[in-house]
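Participant: fold the following and give me the result.
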Amino acid sequence: MLDVKFLINNKDAVKENMKKKFQDSKLHLVDEAADLYARIMDAKHISEDIRAQRNKLSAQVAQLNREGKKEEAEAIRNQVKSNAAVMKEKEALMDELSVELDKVMKSIPQMIDPSVPIGPDDTHNVEVARFGEPVVPDYEIPYHAEIMTSLNGLDKDSAGRVAGAAFYYLMGDIARLHEAVLAYARDFMIDHGFTYCIPPFMIHREIVDGVMSFDEMNAMMYKIEGEDLYLIGTSEHSMIGKYVNQIIDESSLPLTLTSYSPCFRKEVGSHGLEERGVYRIHQFEKQEMIVICKPEESMEWYEKMWKLSVELFRNMEIPVRQLECCSGDLADLKVKSCDIEAWSPRQKKYFEVCSCSNLGDAQARRLKIRTKGENGTYLVHTLNNTVVAPPRMLIALLENHYQADGSVNVPAVLRPYMGGKEKLVPVKK
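Facilitator: Below is the predicted model:
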C-alpha cells in the first residue's frame with residue numbers, strides 16, 4: 001500500500017505505474033484517494049479549530065461567571081455545546097472517510113521497480129539465467145504420480161474418499177523423501193544464518209489484510225467458520241504478522257527467518273492434465289525464507305534470496321532457471337518478483353518451484369511494522385521466498401533422478417535424512 005501523501009505528490013507517476021501493470025480500470029482511484037484525503041483534512045482542520053476555540057470559550061465562561069454575568073456565560077456555554085456537536089460530526093465524518101480511503105489505497109498497486117519487464121501476463125515473463133544442464137534421457141519418464149505409485153508411495157483414491165479431490169496420502173519411501181527434503185532445506189537455511197521458526201497455522205483477518213490483497217485472499221484462504229481465523233496459505237503470512245504494530249530496533253536488522261508450516265489453499269479453477277497428480281493441491285508443506293530489513297538493503301537481499309533457491313536445487317542435482325516476473329504478473333503488493341523453475345525431463349520444459357518477492361514497505365505500512373534508529377522511526381521492507389514446497393518439488397526430484405530400470409537415485413545431500421539410502425526401488429507386485 002502506498003503512502004497517500006506520496007500518491008498526492010506523484011499522481012501522474014502512480015497512474016503510469018498502473019498502466020505498466022495493465023490496470024487502466026483503476027486509474028480513477030488515484031483521484032478518488034486524493035479527494036478523500038482532502039475531505040479528511042478539511043474535516044480535521046475544522047475539528048481542530050473548534051477544539052482550540054472551545055478552550056478559549058471555556059475560559060471566557062469561567063471569567064463571566066466570576067463577574068456574575070450569568071446570561072452572557074450561558075450564551076457562550078450554548079455556543080460551546082453547538083460547536084461540540086459540529087466537532088463530533090466532523091470526527092465521525094473523518095472516521096467514515098478514513099475507512100473509505102483505506103479501502104481505495106489498498107486497491108492501488110505498489111510502485112514496481114524500474115527493472116521489472118513490462119507485459120500483461122505470465123507469458124511475458126523473461127528468462128534471465130539457467131543453472132545446470134537440462135537433460136532428456138533416451139528412455140521414457142513416467143508421469144510423477146505413476147513413479148510415486150510404483151514406489152508404493154502415493155494413494156489419491158483413499159484420500160479422495162476421506163477428504164475429496166486434490167488431497168493425497170504419501171507413504172513409505174516417498175513420505176520419507178518428502179520429509180528428507182524439508183529437513184535438508186531447514187538445515188540448509190540455518191547454515192546460511194537464518195533462524196528456524198514454526199509459526200501459528202491460523203491467523204486473524206487483520207493479518208490477512210496486512211499481507212495480501214482481497215482478491216488473493218478470496219482465491220486462496222480457507223476461513224474457520226464462526227471464528228476470526230483463517231488457515232495460512234504460506235508461513236509468510238504469520239511470520240510477517242509476528243511483527244504487527246511493532247517498532248523493531250534498527251540494530252537488530254536484518255531479521256532473517258526460515259519457517260516451516262503446512263499450507264492450505266483453495267486453488268480455485270481448473271488446472272489441467274499436469275496437475276492431476278500432486279502439483280496443485282489443497283494441502284502441502286513448505287519451508288519459507290523471510291527477511292525484514294532496511295529499505296536500502298532490500299534489493300540486495302532479494303538477489304541473495306533467489307540465489308539461495310538456486311543453490312539448494314543444484315545441491316540436489318536439479319537443473320533450474322530464473323524467470324523474471326513481468327509487470328502484469330506481479331501481485332499488487334509486490335515491487336519485484338522472480339520464479340525459480342525446475343527442469344522437467346518428462347515434459348521437456350521448466351515449471352515453478354520457488355517464488356521470490358520484494359514487497360517494499362507495502363506489508364509494513366498495512367501492519368505498521370517500523371524500525372527506529374538515529375534518524376527516527378520509519379517503515380521496514382519485507383521479502384519472502386520459497387525454500388522448498390514438497391510434494392511439488394518432489395516431481396522435479398523424481399523426474400531428474402529417475403533411472404531406466406524404474407528406480408530413483410537419492411541425491412547425496414538427502415541420504416543422511418534417508419538412513420543412508422542411495423536408491424529407491426519399485427515395489428514388485
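
Participant: which residue is the nearest non-sequential neighbour of Leu308?
Facilitator: Spatial nearest neighbour of Leu308, chain neighbours left out: His192 (6.3 Å); criterion: C-beta to C-beta, 6 or more residues apart in numbering. (Each C-beta comes from the backbone N, C-alpha and C, glycine too.)

Participant: next one: the one you found from Phe313, what distance?
Facilitator: Between His192 and Phe313 the distance is 14 Å, computed by C-beta to C-beta, to the nearest Å.

Participant: who's more crowded, the two?
Facilitator: Phe313 (25 against 14; other C-beta atoms under 10 Å).

Participant: quick one: that one is in a strand?
Facilitator: No - applying DSSP: H, G, I helix; E, B strand; the rest coil, one finds Phe313 to be helix, outside a strand.

Participant: and stretch 29-43, average pLDDT?
Facilitator: Average pLDDT, stretch 29-43: 96.

Participant: oh, I was asking about stretch 417-429
Facilitator: 90.

Participant: list the buried ones in it?
Facilitator: Applying a neighbour-count criterion of 16 or more other C-beta atoms under 10 Å, one finds 417-418, 424 buried in stretch 417-429.

Participant: got it, and stretch 378-394?
Facilitator: 379-394.

Participant: over to stretch 153-161?
Facilitator: For stretch 153-161, by 16+ other C-beta under 10 Å, it's 153-154, 156, 159.

Participant: among those residues, which one sits closest to Tyr169?
Facilitator: Ala159 (5.2 Å; C-beta to C-beta).

Participant: mind telling me what element that closest one is part of?
Facilitator: In the assignment (DSSP states H and E), Ala159 maps to helix 156-162.

Participant: got it, and Asp31?
Facilitator: Applying DSSP H and E as the criterion places Asp31 in helix 28-66.

Participant: what's the answer for Met189, then?
Facilitator: Assigned by DSSP H and E, Met189 belongs to helix 172-191.

Participant: next: Pro426.
Facilitator: Assignment of secondary structure by DSSP H and E places Pro426 within no helix or strand.

Participant: thought Arg176 was touching Met418, still the case?
Facilitator: Yes - between Met418 and Arg176 there is a contact under C-beta atoms under 8 Å: 6.1 Å.

Participant: where do the contact lists of these two overlap?
Facilitator: The contact sets of Met418 and Arg176 do not overlap (C-beta atoms under 8 Å, 6 or more residues apart in numbering).

Participant: list the buried residues in the worst-scoring helix or strand of the chain on mean pLDDT.
Facilitator: The weakest-scoring helix or strand in the chain, judged by mean pLDDT, DSSP states H and E, is helix 214-220 (a mean of 79). By neighbour count on 16+ other C-beta under 10 Å, the buried set for helix 214-220 is 217, 220.

Participant: show me what contacts Val291?
Facilitator: By C-beta under 8 Å, 6+ apart, the residues touching Val291 are 254-257, 298, 301, 305, 382-384.

Participant: okay, the closest residue to Gly153 other than its chain neighbours: pLDDT?
Facilitator: Nearest residue to Gly153, sequence neighbours excluded (C-beta to C-beta, 6+ apart): Ile174, at 2.5 Å. Per-residue pLDDT puts Ile174 at 96.

Participant: just Lys334 next, same as before
Facilitator: For Lys334, the model assigns a pLDDT of 97.

Participant: what's the helix holding Met189 packed up against?
Facilitator: strand 195-197, strand 255-264, strand 283-293, helix 298-315, strand 381-388, helix 392-400, strand 423-424 (3 or more C-beta pairs under 8 Å, 6 or more residues apart in numbering; DSSP states H and E).

Participant: hang on, the earlier thing: and the next element down the chain from the helix holding Ala159?
Facilitator: strand 169-170.

Participant: pretty sure Gln23 sits against Pro109.
Facilitator: Yes - with contact defined as C-beta under 8 Å, Gln23 counts as touching Pro109 (6.4 Å).

Participant: with neighbour numbers in mind, choose between these two.
Facilitator: Pro109 (24 against 18).

Participant: surely the more buried one is in contact with Asp332?
Facilitator: Yes - with contact defined as C-beta under 8 Å, Pro109 reaches Asp332; the gap is 4.1 Å.

Participant: are there residues contacting both of these two? Which ones?
Facilitator: Common neighbours of Pro109 and Asp332, using C-beta under 8 Å, 6+ apart, are Lys21.

Participant: just checking, what packs against the helix or strand just after the helix holding Asp31?
Facilitator: Sequence-wise, the next helix or strand downstream of helix 28-66 (DSSP H and E) is helix 70-105. Contacts defined by 3+ C-beta pairs under 8 Å, 6+ apart place helix 70-105 against helix 4-9, helix 28-66.

Participant: average pLDDT across helix 70-105?
Facilitator: Per-residue scores along helix 70-105 average to 83.

Participant: how far off helix 298-315 does the next helix or strand after it point, in degrees?
Facilitator: Once the chain leaves helix 70-105, the next helix or strand it forms, by DSSP H and E, is strand 126-131. Between strand 126-131 and helix 298-315, the angle comes out at 50 degrees (axes from the mean of the first three to the mean of the last three C-alpha atoms, to 10 degrees).

Participant: can you list contacts of the following helix or strand past strand 126-131?
Facilitator: The first helix or strand that comes after strand 126-131 along the chain, using DSSP H and E, is helix 144-150. Residues from elsewhere that reach helix 144-150 (C-beta under 8 Å, 6+ apart): 141-142, 154, 156, 170, 174, 276-279, 346, 394-395, 398-399, 402, 406, 408, 426-427.

Participant: mind running it again at 7 Å?
Facilitator: 154, 174, 277-278, 395, 398-399, 402, 406, 408, 426 (C-beta atoms under 7 Å, 6 or more residues apart in numbering).

Participant: just for the stretch 201-350 of the chain, where's the confidence low?
Facilitator: In the predicted model, the stretch 201-350 of the chain carries pLDDT under 70 at residues 268-276.

Participant: many thanks, I have nothing further to ask.
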